[in-house]
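Engineer: Model the structure of this input:
(one chain, ligands or ions: 1)
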Amino acid sequence: MPGILVIGEVAGGRLLPASLEAAAAGAALAKSFGEPLFGALMGDAGGALDSATEAFAAGFATLYLVEHASLHSYTAHAHASAAQAVINAAGPSVVICPHTLRAREWVPCLAAAIDTGLIMDCTGVAADGADLVAHKPVLGGGVVGEFVIRAKPIAPRIVTLRSGASARAADAPNAKVERLPFEATANDRVTLLEEIAAQTSSGPKISDAKIVVSGGRGLGSPDNWHHIEAAASALGAAVGCSRPVADSGWVNSSHQVGLSGNSINAELYVAIGISGAVQHLAGINSSAVVAAINTDAQADIFTRAKYGVAGDYKEVLPAFVERVRQLKG
Ligand SMILES: Cc1cc2nc3c(=O)[nH]c(=O)nc-3n(C[C@H](O)[C@H](O)[C@H](O)COP(=O)(O)OP(=O)(O)OC[C@H]3O[C@@H](n4cnc5c(N)ncnc54)[C@H](O)[C@@H]3O)c2cc1C
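Structural biologist: Numbering: from 1, shown residues only. As a prediction, this is how the structure comes out:
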């Protein structure tokens, strides 16, 4: 019997939490299709992969592991090849991956290699008879489209799932772990020369943060970015930014929130000097409470914000930070 295969992601020495959300979506789909749920992880043997296996194993019939030195540093070629090895072993009808920066690169390579259909950045997946229906925002996030993949009979349908699209899976019995043999094939197109860690702000990672403080072009200049850092530090929040801020190099693009950046799943999202373009709002759909500071009382961000201050952040934000520090003692 085929199954639903969820491929988790190990990066930065840990399992990305979005993997658990993908597993929850996979579990619901497995139930609807009446198929078993399989998981897979890929990486270098030891350390991070071991702890990720422990964190990911719950709820799968089988958890496939591909361990190989070529998977130590990320390359799309090695990841797509390893995923292909898992697909050959598991024979799934559907493959689900979290929609991460890496997945944006290697999953299309996989789909091309096995000649099947792929829908990326989905906000939900559901079964409709034998069809897999994927939902994803289109036209800049203003409309949610429904897509069905017409895959060849033996090829799995592949989807990548946006973070925050599903609740994290509840505890379930651990899977049987099966290590797959993997022969890395040479990639004559790309050679990894060196890895340089991106410079990111201190504090929690934006993808798992409960609170995110984001700054936009309204900050006026990178010299004012310390206001955002101070607010994030006071709230114990991750730092986010709008696209013009990332494009101008004020902050590393790994902090960008929106359609072409991170989708976040925060309990509180604070937008400062951000107009609220539809492409920015697409990244905060899953955030519970939005607060905004903007000089323009008509700014679109206020249509999404539960709390807002129409004013200059230079006046409002320092007072807010001071108050937060007082309340925290
Ligand atoms: C295909 C595509 C993908 C895109 N993807 C993304 C994406 O992922 N993320 C993203 O953010 N954008 C994205 N964009 C860009 C998006 O359309 C907007 O251009 C962008 O979000 C605007 O950024 P902003 O709000 O920082 O700047 P602006 O729109 O210039 O807004 C600045 C805001 O700051 C306010 N302001 C000015 N001074 C102050 C002050 N002193 N105090 C308080 N407020 C002040 C202004 O009133 C204004 O509302 C995308 C666009 C396209 C076409």
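Engineer: Quick one: name the residues of the protein near the ligand.
Structural biologist: On the criterion Cβ under 6 Å from any ligand atom, the ligand has as its neighbours in the chain the residues 216-218, 242-245, 256-261, 273-275, 277, 279-280, 283, 293-296, 299, 312-314. All C-beta spots, glycine's among them, are computed from the backbone N, C-alpha and C.
Engineer: Can you flag the buried ones in the residues you listed?
Structural biologist: By the neighbour-count criterion of 16 or more other Cβ atoms under 10 Å, these include these buried positions: 216-218, 242-245, 256-259, 261, 273-275, 277, 279-280, 283, 293-294, 299, 313.
Engineer: Show me the shaky parts of the stretch 201-329 of the chain.
Structural biologist: Within the stretch 201-329 of the chain, the stretches falling below the threshold (pLDDT under 70) are 201-202.
Engineer: what ranges do the strands span in it?
Structural biologist: Shown for the stretch 201-329 of the chain, the strands assigned by DSSP state E, counting those that start in this stretch span residues 211-215, 238-241, 268-272, 289-294, 307-310.
Engineer: Now distance to G39 too, for those, in CSV please.
Structural biologist: As requested, those are arranged in CSV below (distance: least, Cβ to Cβ, whole Å):
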stretch, distance to G39
strand 211-215, 28
strand 238-241, 27
strand 268-272, 30
strand 289-294, 33
strand 307-310, 40
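Engineer: And those: which comes nearest L15?
Structural biologist: When the strands of the stretch 201-329 of the chain are compared by Cβ to Cβ, strand 238-241 sits nearest L15, at 18.2 Å.
Engineer: gap between A27 and the ligand?
Structural biologist: Applying Cβ to the nearest ligand atom, to the nearest Å, the value for A27 to the ligand is 29 Å.
Engineer: element containing that residue, please.
Structural biologist: In the assignment (DSSP states H and E), A27 maps to helix 18-33.
Engineer: what packs against the following helix or strand past that helix?
Structural biologist: Scanning the chain past helix 18-33 towards its C-terminal end, the next helix or strand to appear is strand 37-43 (assignment: DSSP H and E). Strand 37-43 makes packing contacts with strand 4-7, strand 10-11, helix 18-33, helix 47-56, strand 62-67, helix 76-90 when contacts are defined by 3 or more Cβ pairs under 8 Å, 6 or more residues apart in numbering; DSSP states H and E.
Engineer: Show me what counts as buried in the third one.
Structural biologist: The one in question is helix 18-33. Residues of helix 18-33 classed as buried: 18-30, 33 (neighbour count, 16+ other Cβ under 10 Å).
Engineer: now the fourth one
Structural biologist: Using 16+ other Cβ under 10 Å as the burial criterion, the residues of helix 47-56 that qualify are 48-49, 52-53, 55-56.
Engineer: Now for those: which two are most distant?
Structural biologist: The span of the buried residues of helix 47-56, defined through Cβ to Cβ, is set by A48 and F56 at 11.6 Å.
Engineer: mind putting the helices and strands packed on strand 37-43 in a markdown table, distance to R179 and mean pLDDT included?
Structural biologist: As requested, the helices and strands packed on strand 37-43 are exported to a markdown table (distance: least, Cβ to Cβ, whole Å; pLDDT from 0 to 100):
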| stretch | distance to R179 | mean pLDDT |
| --- | --- | --- |
| strand 4-7 | 15 | 98 |
| strand 10-11 | 15 | 91 |
| helix 18-33 | 19 | 94 |
| helix 47-56 | 10 | 90 |
| strand 62-67 | 5 | 96 |
| helix 76-90 | 10 | 96 |
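Engineer: of all those, which lies closest to A234?
Structural biologist: Each of those was scored for nearness to A234 using Cβ to Cβ, and the closest is helix 18-33 (26.9 Å).
Engineer: on contacts alone, who are the packing partners of that closest one?
Structural biologist: If contacts are counted by 3+ Cβ pairs under 8 Å, 6+ apart, helix 18-33 sits against strand 4-7, strand 37-43, helix 47-56, strand 94-98, strand 124-128, strand 157-161.
Engineer: which one of those is the most hemmed in?
Structural biologist: Each of these was scored by mean neighbour count; the highest is strand 4-7, a mean of 31, by mean count of other Cβ atoms under 10 Å.
Engineer: May I have it as PDB, with CA atoms only?
Structural biologist: Taking only C-alpha atoms (Å, rounded to 0.1, in the frame of the first residue of the first chain), the coordinates of strand 4-7 have been written out as PDB:
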ATOM      1  CA  ILE A   4       1.900   9.600   2.900                       C
ATOM      2  CA  LEU A   5       5.600  10.600   3.300                       C
ATOM      3  CA  VAL A   6       6.600  13.600   5.400                       C
ATOM      4  CA  ILE A   7      10.200  14.700   4.900                       C
END
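Engineer: Residues contacting it, please?
Structural biologist: Taking contacts as Cβ atoms under 8 Å, 6 or more residues apart in numbering, the residues outside strand 4-7 that touch it are 19, 22-23, 25-27, 29-30, 33, 35-42, 60, 83, 86-87, 90, 92-97, 156.
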